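Enquirer: here you go, sequence then predicted model.
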Amino acid sequence: MPSDVTIETHELGKRYALGLARRGYGTLREALVEAARRPLRQGRNGGAGNTVDMLWALKDLSLTIRNGEVVGLIGHNGAGKSTLLKILSRITEPSAGHADVTGRVGSLLEVGTGFHPELTGRENIFLNGSILGMRRAEIRARFDEIVEFAEIERFLDTPVKRYSSGMSVRLAFAVAAHLEPEILLVDEVLAVGDAAFQRKSLGKMNEVAKEGRTVVFVSHNLAIIQALCTRGVLLERGEVIADAPIGEAIDGYLRTLERSASANLLERTDRDTRAYDETLVRKLEIHNPGGAPNVVVAGKPAMIVVDVTEELPAMECRLTIANSLGQPVCTLDSEVSAPLDVRENGLGPRIECEVAALPLLPGRYRIDVIVKAKRQIQDGLQAAAFFDVEPGLVGDRPTAGAGSEGNVVLPHVWRLPA
Amino acid sequence: MLRPVEQTQEPIRLQPTRGFSRVLAPKELWRYRDLAGQIALRDITVRYRQTALGGAWAVLQPVGFMIVFSLIFGNVAGISSNGLPYPLFSLAALVPWTFFSTALLLGSDSLVSNSALVSKIYFPRIFMPAGIVVAGFVDLGISIVILLIVVLAWGYVPSIAILALPLLVAIAAAAALGAGAALSAINVRYRDVRYVVPFAIQMWLFLTPIVYPSSSIDEPWRTLSAVNPMVGVVEGFRWATLGTGNAPWDLIAISAVAAAVLFVAGLAYFDRVERAFADYV
């Protein structure tokens, strides 16, 4: 392959046995019982009972990434973004096709992955460095820089379990920052942790990108993707459906999101993988009292209605309103309760959330939903609904016009010299 | 802050692998040798730092068993010890056994207890069970020294046969790694393995001539019992450290072959399922 190509995949595929996604492991007891039953069952239906349903998480994926490109992978839950990253970082093996990777691969991981609490800061620097792929000599050469960057000189020989969380984050990041990968893979889900770490991660990605190294980035936050990446690859059901400059790819993604929001929500397959599915979100809608669905006026009361398939004990609901780029604006969470909340048996399979005066700027928003019951997540959907906010009065004042930034309107009063 | 690094220009091809190309990839293992060292070092350091007794733990376990076994099997049950003092007879066997059983127990759990790493980073997975075995060498070294002190204090002098110890340790290590790697791999798929292993190790203890001499078993069963690799190791340890009796070369040879088979089979199984670990943990 040409020398400026760092990643080249050819008809890459990854297949999972269906059902593995939820809980990969079982027990030996179950397996033995299953093995004992199998011959019987095979006898009954002529050997056809042995087929396992397979799901292609990635299919025929051919992609060429050149040196210095900053590529954002976008798509719904379960579109194959994380699977692709896992294959590229060699955590899991493809089931078909191949990928050629030239250069050292590095990942930014959740804070403290690979730290051992009993080991001292010094020992953890060496352990974590080699886990991230640094050679021992390399770590030794950078050791002083790492310590200085993390600002932990005085605690070098203290076990990490006695570190404050801030110190651990600084140390984890210092090690990661001195790793010099030619290809940096970042899965937002892995790089969680606190806000400071996320900020530093983004800074690091920027820096790596400016150095002309290659970055492949997975995130739900389209604003960050748009700011960092030059090229976007849109995945759907394991296949590339768009590979374009980042702006176009994001537009394509937003269109697929809206299409899936307007369809019957029960037909969606990109649901939260942690969910128990005892009740499912059937429909989600926001409206002004007596108004049309999914068009609301700023400053007016708004009602969000979540219809589910089943009423279960101890239901909770969490709604996240995000702007058109996927940046969260606010979260409404029934688990944070207030005296006026109403909880009754037999209300039926419907959850309602009332906002007294919608404080949002005109524009397009979406709602992500998580429904819990019996202390478990039962269902979760991103972009369960899209809605438009029309201009209105907030605190008797018109919502600001063009040029206003942000998404939120606050009712407010001025006092000025006349 | 970023400096240019030496380009590793050779592309790595990621594709479905077949056969045993993963564990038996010397180039790959060599590339990650620093990590292997760090993992072994971590396992050693943590083991000695976590327990209040630290290094004493390595000694207390075999010595404790020696005392209990001497009281019960030596005195009360009056089991033969080939004319040797029962404490010496059992300690010489308990030292390699403790190494083996600890490595097997910790090794079988090594992938699951490191699942955070396994699911997020690539490295040759065999380092996890292997690191446990390597860390066990430290405990073993300390307890061999204690054993030799006890032997000398009792008035016995080890013969030249003591030079066979490295071979015996290698047999025990091969068996522990083979079995530990296979169990750790099964443990990833089936989480109840961790409840089975301690029980299996206890059974194994009594199937190994630790509280009794293998000479108390009738032929051909005595010789056949050496397919349990620990039979040759344990009888070999007695002969090598106490300086008495005939060399049990027949047992050692059979056990060495059995350990080699266990080692190859265990790693082969590990290799077969390694590629899917991250999909399960």
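Expert: Done, it's in.

Enquirer: count the neighbours of A:Leu32 for me.
Expert: Using other C-beta atoms under 10 Å in any protein chain shown, the number of residues around A:Leu32 comes to 11. Yep, even glycine has a C-beta here, placed from its N, CA and C like the rest.

Enquirer: gap between it and chain B?
Expert: Distance of A:Leu32 to chain B, given as C-beta to the nearest C-beta, to the nearest Å: 9 Å.

Enquirer: which bits of the stretch 51-200 of chain B sit near chain A?
Expert: B:116-117, B:119-123, B:186, B:188-193, B:196 (C-beta under 8 Å from any C-beta of the partner chain).

Enquirer: on the three-state scheme, A:Thr9 is what?
Expert: Classification of A:Thr9 using DSSP: H, G, I helix; E, B strand; the rest coil returns strand.

Enquirer: SS state for B:Phe123?
Expert: coil.

Enquirer: cool, A:Arg318 as well?
Expert: Note that with three-state DSSP, the state of A:Arg318 is strand.

Enquirer: gap between it and A:Pro328?
Expert: 12 Å (C-beta to C-beta, to the nearest Å).

Enquirer: just to revisit the earlier point, just the buried ones from the residues of the stretch 51-200 of chain B next to chain A?
Expert: Applying 16 or more other C-beta atoms under 10 Å in any protein chain shown to these, the neighbour count classes B:117, B:119-123, B:186, B:188-193, B:196 as buried.

Enquirer: strands of the stretch 151-281 of chain B, start to end?
Expert: Remark: no strands are assigned in the stretch 151-281 of chain B by DSSP state E, counting those that start in this stretch.

Enquirer: got it, and the stretch 101-250 of chain A?
Expert: Going by DSSP E, counting those that start in this stretch, the stretch 101-250 of chain A shows strands at A:105-107, A:183-187, A:214-218, A:231-236, A:239-245.

Enquirer: so which of the ones you listed comes closest to chain B?
Expert: strand A:105-107 (7.1 Å; C-beta to the nearest C-beta).

Enquirer: doesn't A:Phe311 fall inside a strand?
Expert: Heads up, residue A:311 is Glu, not Phe. No. Applying three-state DSSP, one finds A:Glu311 to be coil, outside a strand.

Enquirer: and it, how many neighbours?
Expert: Using other C-beta under 10 Å, A:Glu311 has 15 other residues around it.

Enquirer: ok, now the one 3 residues further on?
Expert: Residues within reach of A:Ala314, counting by other C-beta under 10 Å, total 10.

Enquirer: wait, doesn't it sit right on A:Lys374?
Expert: Yes. When contacts are counted by C-beta atoms under 8 Å, A:Ala314 is listed as touching A:Lys374 (6.0 Å).

Enquirer: send the alpha carbons of stretch B:116-135 over as PDB?
Expert: Coordinates of each C-alpha in stretch B:116-135 appear next as PDB, following Å, rounded to 0.1, in the frame of the first residue of the first chain:
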ATOM      1  CA  ALA B 116     -10.700  -4.000  32.600                       C
ATOM      2  CA  LEU B 117      -7.400  -4.300  30.800                       C
ATOM      3  CA  VAL B 118      -8.400  -7.300  28.600                       C
ATOM      4  CA  SER B 119     -11.400  -5.500  27.300                       C
ATOM      5  CA  LYS B 120      -9.600  -2.200  26.600                       C
ATOM      6  CA  ILE B 121      -6.000  -2.800  25.500                       C
ATOM      7  CA  TYR B 122      -4.300  -5.300  23.300                       C
ATOM      8  CA  PHE B 123      -1.400  -7.300  24.600                       C
ATOM      9  CA  PRO B 124      -0.600 -11.000  24.400                       C
ATOM     10  CA  ARG B 125      -3.100 -12.300  26.900                       C
ATOM     11  CA  ILE B 126      -0.900 -15.200  28.000                       C
ATOM     12  CA  PHE B 127       1.100 -12.700  30.100                       C
ATOM     13  CA  MET B 128      -1.700 -12.700  32.700                       C
ATOM     14  CA  PRO B 129      -1.500 -16.400  33.800                       C
ATOM     15  CA  ALA B 130       2.300 -16.400  33.000                       C
ATOM     16  CA  GLY B 131       2.900 -13.400  35.200                       C
ATOM     17  CA  ILE B 132       1.300 -15.200  38.100                       C
ATOM     18  CA  VAL B 133       3.600 -18.200  37.600                       C
ATOM     19  CA  VAL B 134       6.700 -16.000  37.400                       C
ATOM     20  CA  ALA B 135       5.600 -14.100  40.500                       C
END
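
Enquirer: just the strands of the stretch 101-250 of chain A: most buried one?
Expert: Most buried of the strands of the stretch 101-250 of chain A, by mean neighbour count (mean count of other C-beta atoms under 10 Å in any protein chain shown): strand A:214-218, with a mean of 25.

Enquirer: which residues touch that strand?
Expert: A:6-7, A:65-73, A:81-82, A:85, A:88, A:103, A:182-189, A:205, A:208-209, A:225, A:228-229 (C-beta atoms under 8 Å, 6 or more residues apart in numbering or on different chains).

Enquirer: check these one by one and keep those near chain B.
Expert: A:Leu88, A:Gly103, A:Glu182, A:Val208.

Enquirer: the first one - how many residues pack around it?
Expert: Okay, so that is A:Leu88. By other C-beta under 10 Å, neighbour count at A:Leu88 equals 24.

Enquirer: how close does A:Ala227 sit to A:Glu69?
Expert: From A:Ala227 to A:Glu69 the distance is 16 Å (C-beta to C-beta).

Enquirer: which one's more surrounded, the two?
Expert: Set A:Ala227 next to A:Glu69 and count neighbours by other C-beta under 10 Å: A:Glu69 wins out with 20 against 13.

Enquirer: report the backbone C-alpha coordinates of stretch A:224-240 in CSV.
Expert: Once non-C-alpha atoms are left out, stretch A:224-240 reads as follows in CSV (Å, rounded to 0.1, in the frame of the first residue of the first chain):
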residue,chain,number,x,y,z
ILE,A,224,-16.8,18.1,19.2
ILE,A,225,-16.5,15.9,16.2
GLN,A,226,-17.2,18.8,13.9
ALA,A,227,-14.6,20.9,15.7
LEU,A,228,-11.8,18.3,15.6
CYS,A,229,-12.3,16.1,12.6
THR,A,230,-11.8,16.8,8.9
ARG,A,231,-13.4,13.7,7.6
GLY,A,232,-16.5,11.9,8.8
VAL,A,233,-17.4,8.2,8.3
LEU,A,234,-21.1,7.5,8.9
LEU,A,235,-21.9,3.9,9.8
GLU,A,236,-25.2,2.3,9.9
ARG,A,237,-25.8,-1.4,10.8
GLY,A,238,-22.1,-2.1,10.3
GLU,A,239,-21.8,-0.6,6.9
VAL,A,240,-20.4,2.7,5.7
